[in-house]
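[1] Could you look at this predicted model? Sequence included:
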Amino acid sequence: MPHLTIEYSENLAENIEISELVKVMHDSAASIEALPLGGLRTRASCREFYLIADGDSSNTFVNVVLRIAPGRSDEIKKQAGEKLFSSLKGFFDLFFQSSPIALSLEIQELDANLRWKDSNIREHMKKRSP
């Protein structure tokens, strides 16, 4: 059930290909053994209205949230967070050197008693596998 949500300031899309960011982050999450591929969802959400720091219009932000089911150790969660944040920072390396940006990532562990889900994606993945 790992879900990655990428929230970003609208002005970032002027300089960054958001679909590439989604792919980089999805691929990074998919490479983490503790995050099952069949449940992985990655999406980006543009924030049209925002203020960052002093309100300068050149300021940008990206906030990534990984929501996961309970049961992983703190060590595994920390390793996953470090890998994802490293991928995020790597994607923005050149941009970071020349433009004001705030990058953040957090992991939220969901309460298993307060979530509902249904999916047939794993069955379809098995059908597509050679």
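    Thanks, I have the structure now. Numbering: from 1, shown residues only.
[2] how deep is residue 110 tucked in, by neighbour count?
    13 (other Cβ atoms under 10 Å). C-beta: built from backbone N, CA, C; applies to glycine.
[3] next one: residue 91
    Neighbours of residue 91 using other Cβ under 10 Å come to 20.
[4] swap in the one 5 residues further on?
    The burial count assigned to residue 96 is 13, neighbours taken as other Cβ under 10 Å.
[5] ok, it - contacts?
    89, 103 (Cβ atoms under 8 Å, 6 or more residues apart in numbering).
[6] which element is residue 62 on?
    Residue 62 is part of strand 60-68 when elements are defined by DSSP states H and E.
[7] Now residue 19: phi and psi?
    phi -60, psi -30 (degrees, to the nearest 10).
[8] Distance of it relative to residue 101?
    Using Cβ to Cβ, to the nearest Å, we find residue 19 at a distance of 18 Å from residue 101.
[9] swap in residue 121?
    Distance from residue 121 to residue 101, by Cβ to Cβ: 33 Å.
[10] the longest helix in this structure is where?
    helix 74-91 (DSSP state H).
[11] Just the buried residues of that helix, please?
    Using 16 or more other Cβ atoms under 10 Å as the test for burial, helix 74-91 gives 80, 81, 84, 85, 87, 88, 91.
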